[in-house]
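Student: With the input below, show me the fold.
(one chain, ligands or ions: 1)
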Amino acid sequence: MSALTDNPAWTTLQAHYEDVKSLHMRDLFKQDTDRFEKFSVRSSGILLDYSKNRITEQTMTLLSDLARSCHVEQVRDKMFAGEHINSTEDRAVFHVALRNRSERPMMVDGVDVMPEVRAVLNKVRRFSEDVRKGHWRGVTGRPIKTVVNIGIGGSDLGVIMALQSLRSYQRDDLSPRFISNVDSSHLMETLRDLDPETTLFIVASKTFTTQETMLNARSARSWLVKRLGGEAVRKHFVAVSTNEEKVRDFGIDTDYMFPFWDWVGGRYSVWSAIGLAIALVIGFDKFEEMLEGAHAMDEHFRTSPVEHNMPIIMALLGVWYANFFGWSTHAVLPYDQYLTRFPQYLQQLDMESNGKRVDLQGRPVDYTTGPVIFGHAGTNAQHSFFQLLHQGSWNVSMDFIGVANNHHPLREHQTILLSNFLAQTKALMLGKTEEEARAEMAAKGMAQNRIDKLAAHRTFPGNKPSNSLVLPLVTPFTVGQLLALYEHKVFVQGIIWNINSFDQWGVELGKQLAKDLTPKLTGEVPIMDEDASTEGLLKYMKRLKKEFI
Ligand code: F6P
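Tutor: Down below sits the predicted model:
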């Protein structure tokens with residue numbers, strides 16, 4: 001037993017789970033027509049309807065008790081106070097300062113970081129405006145038309161996701177591209193049709209040591225130098241990093257280095273200068289609106305009581321399914337094409353944060369922690385993996401994200417999109433009983449033997465829980481709110497699971513081994529002291545390389 005599984009709030013929930021696990025949401029909705037009012041919450045235009053969950057009022061009371069007994073509010077307050085809650089790295093977790101739009105000072109180690117945050121934002125503003133107005137030009141005097149962000153993980157996913165989401169705010173003459181994978185195909189396909197004279201590279205790396213990013217940056221630099229000469233680097237390369245020395249060593253003018261700080265985690269860094277590509281492509285004012293949206297969610301999270309606190313409610317529901325129902329998969333399903341990249345972004349946010357197996361004290365946990373996150377945009381996803389959600393043998397908790405309005409006024413498309421959004425959560429909740437399936441087939445005049453054969457196949461168990469988030473429109477503000485909502489949800493779950501959501505030691509081992517294997521692939525070092533599988537694979541690949549190239 002651990003402190004968590006021993007916690008009376010946890011054991012009470014376990015007993016409660018036994019009482020409610022067989023209840024069907026269809027009956028819960030029949031018994032209580034006020035479920036929507038009881039189980040929904042709003043924050044600055046975003047609605048969370050969590051009534052289609054396998055919960056009663058008592059469940060929510062007990063989950064709130066769990067949050068309080070795990071000191072969620074106190075740890076949240078420590079984050080906002082700049083305390084070093086990232087204990088394994090002894091750092092503050094302070095991305096909220098990057099989007100603090102209030103006059104409140106944000107203190108870390110006795111220093112208000114807001115003057116520095118504002119100074120960097122001003123630098124981002126000046127540079128992005130210069131580029132957008134054509135004042136900043138390439139070495140041959142032509143304005144910039146393409147911004148290529150070279151980064152990976154948190155220095156890539158948030159920026160892609162935001163720019164994909166906000167594509168309708170993009171100008172036709174300035175567009176983004178991204179290079180992240182060390183696979184040369186990514187680099188070469190991205191550069192293939194680019195004009196070096198109108199291309200600006202942003203090397204985005206917190207550490208400026210990440211193998212993939214640095215190799216991609218060097219190859220991009222060679223591509224540029226080959227075409228425009230070495231002098232071009234200072235006009236076509238800028239950097240976002242915490243590591244000034246490495247930026248200088250790379251040959252980037254540190255006047256065009258946009259700094260951030262070690263209290264910003266990689267996967268929480270889109271709000272920092274890592275967002276430079278966003279400011280360049282959609283304009284600094286829009287980037288600021290995104291910060292404002294995030295700040296609105298921060299204020300909601302910081303000040304709302306547990307029972308009305310959107311991120312806390314979502315976190316608790318996740319804990320309810322992961323730890324009491326034993327479901328380890330969570331799907332995120334945005335019904336808006338602009339949000340297609342959102343699930344992928346969330347995979348890093350959630351799985352790198354809460355994919356942990358020891359608690360803050362370093363003891364193995366005796367409960368499950370962060371779930372597997374997957375998802376895709378509806379309605380496309382309905383035609384790929386929704387079958388499993390409706391009738392598969394696994395249970396998956398779900399977030400549906402609906403957007404009331406569209407940037408493109410084709411009313412029929414939007415109506416059908418929203419009808420599908422509504423229909424799916426309804427179908428997953430209600431299901432279809434065998435009697436209903438039989439009656440439906442009989443009404444169509446089907447023969448009895450055919451009905452008998454198909455009845456089980458056409459039955460839907462239902463009782464599949466989902467949250468519905470509804471946004472008015474995909475805007476910089478709502479995207480900011482949405483990201484902050486999930487950041488805080490993940491954080492709250494980490495508090496409850498007593499894990500550190502802000503380190504990522506799990507990605508290190510593979511990085512180290514890759515470095516050791518490189519000379520074995522090139523032949524600089526003989527293939528020895530490897531396990532049989534790695535040795536066999538190494539030899540096979542080396543042989544294939546000789547045969548095909
Ligand atoms: O994947 C591990 C990781 O450290 C992420 O947390 C981070 O976002 C990514 O690598 C990139 O790191 P950097 O910005 O230092 O290049």
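
Student: Endpoint to endpoint, stretch 264-277 covers what distance?
Tutor: Start to finish, the residues bounding stretch 264-277 are 18 Å apart (CA to CA, to the nearest Å).

Student: cool, stretch 255-264 as well?
Tutor: In stretch 255-264, first residue to last residue: 21 Å (CA to CA).

Student: and that stretch, how far out from the chain's middle?
Tutor: From the chain centre to the centre of stretch 255-264 is a distance of 22 Å (CA atoms, centre = their mean, to the nearest Å).

Student: Need the contact partners of that stretch.
Tutor: Residues from elsewhere that reach stretch 255-264, judged by CB atoms under 8 Å, 6 or more residues apart in numbering: 82, 91-95, 97-98, 108, 113, 116, 120, 123-124, 127, 206, 234, 237-242, 244, 247, 269, 271-274, 276. For glycine as for every other residue, the C-beta is placed from the backbone atoms N, C-alpha and C.

Student: Which members of the residues you listed are positioned in strands?
Tutor: Among these, the members falling in strands (DSSP state E) are 108, 237-241.

Student: For residue 501, state which of the residues you listed is nearest.
Tutor: residue 108 (18.1 Å; CB to CB).

Student: Run through the strands of the stretch 401-549 of the chain in chain order.
Tutor: 466-471 (DSSP state E, counting those that start in this stretch).

Student: Now do the contacts for the residue of it found nearest the ligand.
Tutor: Closest contact between the stretch 401-549 of the chain and the ligand, by CB to the nearest ligand atom, is at residue 507 (4.1 Å). Contact analysis of residue 507 by CB under 8 Å, 6+ apart lists residue 352.

Student: Next one, pLDDT for it please.
Tutor: On the pLDDT scale, residue 507 is placed at 95.

Student: What separation do you get for it and residue 352?
Tutor: Applying CB to CB, to the nearest Å, the value for residue 507 to residue 352 is 7 Å.

Student: Now the residue most central in space within the chain: which helix or strand?
Tutor: Centroid check for the chain by CA atoms, centre = their mean gives residue 346 as the closest residue, at 2.1 Å. For residue 346, the enclosing helix or strand under DSSP states H and E is helix 342-346.

Student: same question, residue 193
Tutor: Residue 193 belongs to no helix or strand when assigned by DSSP H and E.

Student: what ranges do the strands span in the stretch 51-200 of the chain?
Tutor: Assigned by DSSP E, counting those that start in this stretch, the stretch 51-200 of the chain shows strands spanning 107-108, 111-112, 146-150, 175-179, 199-204.

Student: Now distance to the ligand too, for those, in TSV please.
Tutor: Shown next, in TSV, are the strands of the stretch 51-200 of the chain (distance: least, CB to the nearest ligand atom, whole Å):
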stretch	distance to the ligand
strand 107-108	20
strand 111-112	23
strand 146-150	10
strand 175-179	13
strand 199-204	7
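
Student: Any idea which of the ones you listed gets closest to residue 401?
Tutor: That would be strand 175-179 among those, by CB to CB, at 22.8 Å.

Student: Isn't residue 388 up against residue 398?
Tutor: No - Residue 388 is beyond contact range of residue 398, at 11.5 Å (criterion: CB atoms under 8 Å).

Student: ok, the two, which is more surrounded?
Tutor: residue 398 (22 against 13; other CB atoms under 10 Å).

Student: and that one, that's in a strand?
Tutor: Yes - according to DSSP: H, G, I helix; E, B strand; the rest coil, the state of residue 398 is that of a strand.

Student: So residue 94 is in contact with residue 112, correct?
Tutor: No - the criterion here is CB under 8 Å, and residue 94 misses it with residue 112 at 11.5 Å.

Student: Overlap of the contact sets of the two?
Tutor: Common contacts of residue 94 and residue 112 (CB under 8 Å, 6+ apart): residue 106.

Student: Which one's more surrounded, those two?
Tutor: residue 94 (26 against 14).

Student: ok, the more buried one to residue 172 distance?
Tutor: From residue 94 to residue 172 the distance is 37 Å (CB to CB).

Student: What of residue 359?
Tutor: Counting by CB to CB, the gap from residue 359 to residue 172 is 51 Å.

Student: swap in residue 137?
Tutor: Separation of residue 137 from residue 172 (CB to CB) stands at 19 Å.

Student: Give me the more crowded residue out of the two.
Tutor: Higher neighbour count among residue 137 and residue 172: residue 137, with 15 against 6, using other CB under 10 Å.

Student: didn't that one look like it was pressed against residue 130?
Tutor: No - counting by CB under 8 Å, residue 137 does not reach residue 130; the two are 9.3 Å apart.

Student: Could you tell me which residues of this structure lie near the ligand?
Tutor: Applying CB under 6 Å from any ligand atom, we find that the chain lies next to the ligand at 152-155, 205-207, 210, 213, 266-267, 352, 504, 507.

Student: In helices, which of the residues you listed appear?
Tutor: residue 213 (DSSP state H).

Student: Can you lay out the residues of the chain next to the ligand as TSV showing distance to residue 537?
Tutor: Formatted as TSV, those follow (distance: CB to CB, whole Å):
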residue	distance to residue 537
152	24
153	25
154	30
155	30
205	29
206	32
207	29
210	25
213	26
266	30
267	31
352	27
504	26
507	21
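
Student: I'm done for today, thanks for sticking with me.
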